[in-house]
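Asks: kindly generate the corresponding structure for this input.
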Amino acid sequence: MFSRVLIANRGEIALRIIRACKELGLETVAVYSEADRDAGYLHLADDRVCIGAGASSESYLNIPRIIAAAEITDVDAIHPGYGFLAENAHFADVCRDCKIEFIGPSVESMRTLGDKIQAKALAKKANVPTTPDSDGAIETIDAACRIADEIGYPVALKAAAGGGGRGIRFAHNEATLRGIFRQAQTEAQIAFGDGRIFMEKCVENFRHIEVQILGDRHGNVVHLFERECTVQRRRQKVIEETPAPGLSKALREEVCNAAVRLAKEVGYHNAGTVEFMLDQENRFYFLEVNTRIQVEHPITEMVTDVDLVKWQLRVAQGEKLTFTQKDIHQRGCAIECRINAEDPKMDFRPSPGRILAFVAPGGLGVRWDSHVYQGYTIPPTYDSLVGKLIVHRPTREETIATAKRALDEFVIEPTKTTYPLCREVLSHEKFIAGQWDTMFIERELLIPKGPDYAKEK
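Replies: Below you'll find the model as predicted:
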């Protein structure tokens, strides 16, 4: 059994993990960079270690420094959170070589699912629907053009080591494909250290549906239903909800069961997410697997009453799941709004700096996951997420109404945030009707507006 856990992350997810550890009676060690020296959650940890300068390469991405901190504080395990090293199989391997448990799936699962070519081959083996593709890496422009003719335009070129919406380029004809092919290879090499790219048929106007899975080391895997993640900007999620609106019971079961089949095929344990595209005819296709806890995990917790972070810790200690699939039910509806320190009026330019006034939203059914406080200085160094508004109510209509009310209570000044965008999405007739795709924000909302669009309250 663990007694002490190091948290190799920062911000709201570090605080979330500290809380879970405390409730399980585990001591925590928080690592931090010079830029995060004033983070409030550091005082909640049992121990804290500065691991370097503000740059991620000098701190949260620096494996030797994190391992050194783990060894001098005598921890049993490391929780990577999300982002940074969370899906880095090499980091997981180093942890286990140092006799420190990595709280996540096996190194083998991470490597297989982190390679988009291998992951798609695994999905086919598990009888999970996939889009037509190149069936492996493409080496030459001529080969790319031949395959595109076979599967039909439009096509997407994707980095084998990419993910999270990165490393993707689209082509609607051969001229465009020839123009972007070498660029896609070069970008993949620079961004991911792996120049391999593959091609697949592009699904246009799709919804983004993901399924939360959880497995133990005894062969048990369950799903905790799906999340709707279609509301995105530049392939980055803005608002998520569960259940996904408009899915029939049969389709929901089919999607969720496909995710479980894939997880069992690779021998997956711990928390993970299987992502799918859902086209306009309600046909779904495998997209990728995230081998970590997700930013949007709280909405799943709210509707299932399953604490995913606690179960990550328990599974890593070798515990069996104490429930089966038939024990898990969805209760009500939950929506998460990501509040980023970005200015919607200025093309979402980051808005770091000191928070002079801060009021968190509250009330029945409202959860606010955040590490910020009045007087906190948002550093310019990291992701701009300052908090997540999570709302859980019996119906979708009530959830939307409560979320809008809670957003109206939120105060953070003088920081510019994405609050106005979230508020506008929740009020939009097509969002309310569940009529959208992943280009909804760009098409419906990001059009020239008057000077009051992002007016602070």
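Asks: from residue 123, how far off is residue 186?
Replies: From residue 186 over to residue 123 the distance is 27 Å, taken as Cβ to Cβ, to the nearest Å. For the C-beta atoms, the positions are set from N, CA and C on the backbone; glycine is no exception.
Asks: quick one, which of these two is more surrounded?
Replies: For residue 186 against residue 123, the residue with the higher neighbour count under other Cβ atoms under 10 Å is residue 123, and the figures read 26 against 12.
Asks: give me the domain ranges for this structure.
Replies: In the domain annotation for the chain, the residue ranges read 4-103, 132-201, 207-445 (automatic domain parsing).
Asks: mean pLDDT lowest where, among these?
Replies: Within the domains of the chain, confidence is poorest for domain 132-201, with a mean of 92 (mean pLDDT).
Asks: what's the offset of it from the middle of its chain?
Replies: With Cα atoms, centre = their mean, to the nearest Å as the basis, the distance from the averaged C-alpha position of domain 132-201 to the chain average is 23 Å.
Asks: equivalent analysis for stretch 357-369, please.
Replies: With Cα atoms, centre = their mean as the basis, the mean position of stretch 357-369 lies at 22 Å from the chain mean.
Asks: end-to-end on it?
Replies: The first residue of stretch 357-369 is 18 Å away from its last residue (Cα to Cα, to the nearest Å).
Asks: pull out the buried positions in that stretch.
Replies: By neighbour count on 16 or more other Cβ atoms under 10 Å, the buried set for stretch 357-369 is 358, 360-361, 365-369.
Asks: and stretch 262-280, by the same measure?
Replies: So for stretch 262-280, counting by 16+ other Cβ under 10 Å, buried means 262-263, 265-266, 268-278.
Asks: now do stretch 212-229
Replies: Within stretch 212-229, the residues that count as buried by 16+ other Cβ under 10 Å are 212-216, 220-229.
Asks: just the ones of the buried residues of stretch 262-280 in helices?
Replies: If you go by DSSP state H, these have 262-263, 265-266 in helices.
Asks: residues contacting residue 238?
Replies: Contact analysis of residue 238 by Cβ atoms under 8 Å, 6 or more residues apart in numbering lists 231-232, 337-338, 418, 421-422, 425, 441.
Asks: the closest residue to it other than its chain neighbours bridge partners, please.
Replies: Closest residue to residue 238 in three dimensions, ignoring its sequence neighbours and counting by Cβ to Cβ, 6 or more residues apart in numbering: residue 231, at 5.0 Å. Each beta-bridge partner of residue 231 is listed here, defined by DSSP bridges: residue 239.
Asks: wait, residue 231 touches residue 434, no?
Replies: No. Residue 231 sits out of contact with residue 434 when judged by Cβ atoms under 8 Å, with a separation of 10.9 Å.
Asks: what about those two, which has more around it?
Replies: Applying other Cβ under 10 Å to residue 231 and residue 434 shows that residue 231 carries more neighbours, namely 27 against 15.
Asks: and the more buried one, what does it touch?
Replies: With contacts taken as Cβ under 8 Å, 6+ apart, residue 231 has the following neighbours: 237-240, 425, 431, 436, 440-441.
Asks: which of those ranks first by neighbour count?
Replies: Sorting the contacts of residue 231 by how many neighbours each has (other Cβ under 10 Å) puts residue 240 first, at 28 neighbours.
Asks: separation between residue 328 and residue 310?
Replies: Here the distance between residue 328 and residue 310 works out to 15 Å (Cβ to Cβ).
Asks: what do you get for residue 264?
Replies: Here the criterion is Cβ to Cβ. By it, residue 264 lies 23 Å from residue 310.
Asks: residue 157 too?
Replies: 40 Å.
Asks: do the same with residue 339
Replies: Distance, residue 339 to residue 310, using Cβ to Cβ: 25 Å.
Asks: equivalent analysis for residue 303, please.
Replies: As judged by Cβ to Cβ, residue 303 and residue 310 stand 17 Å apart.
Asks: who has more neighbours, those two?
Replies: Set side by side, residue 303 and residue 310 give different neighbour counts by other Cβ under 10 Å, the larger being at residue 303 (22 against 17).
Asks: the more buried one: helix or strand, and which one exactly?
Replies: helix 297-304 (DSSP states H and E).
Asks: per-residue pLDDT, residue 1?
Replies: 82.
Asks: contacts only, for it.
Replies: Each residue near residue 1 by Cβ under 8 Å, 6+ apart is listed here: residue 317.
Asks: number the residues from 804 up from this point.
Replies: Yep, numbering from 804; the last one is residue 804 now.
Asks: that one and residue 1122, how far apart?
Replies: Shown here: residue 804 relative to residue 1122, a distance of 9 Å by Cβ to Cβ.
Asks: noted, bye for now.
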